[in-house]
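# Dropping the sequence and predicted coords here.
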Amino acid sequence: MKSEKFAAALKIIKNYFVTLHHIYNETSMTQQFEMIAKTFMGLEPVLANELTQLGAENVQPGRRMVTFTGDKKLMYRANFQLHTAIRILKPIKCFNAQSADDVYEGVKTVDWSEFLSLDKTFAVDSVVFSEEFRHSKFVAYKVKDAIVDQFREKTGSRPNISIANPDIRLHIHIADVAPGKSECTLCLDSSGESLHRRGYRQESVEAPLNEVLAAGMILMTGWHGETDFIDPMCGSGTLLIEAALIAHNMAPGLFRKEYAFEKWPDFDADLFDEIYNDDSQEREFNHHIYGYDVDIKAVNTARLNVKAAGLTSDITVTEQDFKLFTQPKEKSIMVTNPPYGERISTSDLLGTYKTIGERLKHQFTGNDAWVLSYREECFDQIGLKPSIKIPLYNGSLECEFRKYQMFDGKMKVFRSEGGAVKTEEEKRQMAEKHRFKKEREFKKRLDEQEENEGADIRDFKFHSLEKREPRKAREPRDSRNSRDPRESKNSRNSRGSRNSRDSRGSRDSRGSRDFNKSFKRNNRRFGDDED
């Protein structure tokens, strides 16, 4: 009799703890916190729009970044679904510093046992805009020393550093806010490898277009698959593949092998599986995407990458000189990134742009063309008046993204028939004063050695922590580390389950997919000085 009562009591206690665990999971999943999405200069409005559509709150564009609030699910979705984000950061500590010792002490105030354990590795990335802190690597070393020393003082041992494949990635950003005063923001990097590394690129050509920039260019045009899409100088096919992902509303993260948040102690594998296997927002694409290039090596590379992405039914790549381009049979949009004469040389650069203008004028009437280029003299050779010019950076090159609306006949006739060269939004953008001047002045302040993605967030501020989000002590699953990204990338429809993990990295292998940190805004700077 006593044993039966004891068993019944144990069952009650077990159910009680199961209920508590369930409540904890629900609370942890819905806890709101602030995040930072990094991007390229010029793409901030596009990224902000993506975040708003994703359900983010308090969306605020800055310089080369967008801040927003959301829960753990939104953080997973942001990494997985955003086309124009480079990485997603979660701030965990903000503090002032006037010296390297201040940075060290500020980092030591964080209880690092909540994020790290002795059997985990970590790495520190740093970005510095400061007179006092001139070397970003030195700042990273001070952060590392503070974390290691805290563990040694508490346990007598320390976690190790891993530059190539750390379990936890940290990001510290330091910016001057007054003479002799710098503000430091310490973040968890939830992405790991830059999000532009989609995972579908098998081979490349010289100076390939960055995937995030390509997606941003396409989204800037307003195209979401309503017409055919053409890139007459397609290179390795980046614009073609990104266009197909946008047309189908497919998550660009489908091809990636892993994210940094999957190694966090509170990683919710079931929640991420649910996000990964949800294709309810994908849509049919009833048009086609065409890519051309005069270089057969580029054509073969593009075809290989298209096949790796499982998009051969949507994309056709053909060897053809743009001189032979003819009027498409269906309504189309053209988006292209011709050679600039910087990293890619051509025997007749100006002649290439003259050909672009001639082909657009005579063989692309009734359609819109968008051209990204660098040199003003190249645009002059096109010989057409753009309806809008958008400043964009391709790496360190200050480029322009120009729209050409092609109509048949003379401008007066076109307008008399109700045609409009500029939309109201395009008129507003073109009327903005100092738009290009502001971008150029910012470029002068960039460090020559910094990548475009590296120097960003400086026009934002957070308050200190008020309440800390509890964390689950669980080991993340890591069986995907040995996965080959080339596996199962053939048929777009032969999806398999993400739960098997060995098929991850390819959309085609997916099958039936049945600190609460109350950071508040003040005047913290997380980008450049306002002009």
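Looks like it came in fine. All figures in this text were calculated on a predicted structure; none of them were measured in a lab. Numbering: from 1, shown residues only.
# Apart from its neighbours in sequence, what residue is nearest the residue nearest the centre of the chain?
Geometric centre of the chain, nearest residue: A85, 2.1 Å, by C-alpha atoms, centre = their mean. Leaving aside its sequence neighbours, A85 sits nearest to A37 (C-beta to C-beta, 6 or more residues apart in numbering; 4.5 Å). To be clear about C-beta, it is placed using only N, CA and C from the backbone, and glycine gets the same treatment.
# Just to check, the one you found is in contact with M65?
Yes - counting by C-beta atoms under 8 Å, M65 is a contact partner of A37 at 6.4 Å.
# between the two, which one's more packed in?
Neighbours around A37 and M65, counted as other C-beta atoms under 10 Å, are more numerous at A37. The numbers are 30 against 27.
# tell me which element the more buried one is part of?
According to DSSP states H and E, A37 maps onto strand 33-38.
# what packs against the helix or strand just after that strand?
Downstream of strand 33-38, the next assigned helix or strand under DSSP H and E is helix 44-54. When contacts are defined as 3 or more C-beta pairs under 8 Å, 6 or more residues apart in numbering; DSSP states H and E, helix 44-54 packs onto strand 57-61, strand 65-70, helix 72-81, helix 211-221.
# got the contact list for the helix or strand following the last one?
Same thing as helix 211-221. Heading C-terminal from helix 211-221, the first helix or strand you meet, by DSSP H and E, is strand 228-231. With contacts defined as C-beta atoms under 8 Å, 6 or more residues apart in numbering, strand 228-231 is touched by 223, 239-240, 243, 247, 287-292, 328, 330-337.
# redo that, cut-off 10 Å
209, 214, 218, 221, 223, 237-240, 243-244, 246-247, 285, 287-293, 302, 314-315, 317, 325, 328-337, 364, 367, 369 (C-beta atoms under 10 Å, 6 or more residues apart in numbering).
# Out of these, list just those in helices.
A214, I218, T221, T238, L239, L240, A243, A244, I246, A247, A302 (DSSP state H).
# Would you reformat those as JSON lines and include pLDDT and distance to F95?
Converted to JSON lines, those look like this (pLDDT from 0 to 100; distance: C-beta to C-beta, whole Å):
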{"residue": "A214", "pLDDT": "97", "distance to F95": "38"}
{"residue": "I218", "pLDDT": "98", "distance to F95": "40"}
{"residue": "T221", "pLDDT": "96", "distance to F95": "42"}
{"residue": "T238", "pLDDT": "96", "distance to F95": "40"}
{"residue": "L239", "pLDDT": "98", "distance to F95": "43"}
{"residue": "L240", "pLDDT": "98", "distance to F95": "46"}
{"residue": "A243", "pLDDT": "98", "distance to F95": "44"}
{"residue": "A244", "pLDDT": "98", "distance to F95": "45"}
{"residue": "I246", "pLDDT": "98", "distance to F95": "40"}
{"residue": "A247", "pLDDT": "98", "distance to F95": "45"}
{"residue": "A302", "pLDDT": "96", "distance to F95": "48"}
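# Farthest pair within these?
Farthest pair in those (C-beta to C-beta) is T221 and A302. Separation: 20.3 Å.
# which one of these two has more residues nearby?
The neighbour count for T221 versus A302, taken as other C-beta under 10 Å, is higher for A302 (28 against 17).
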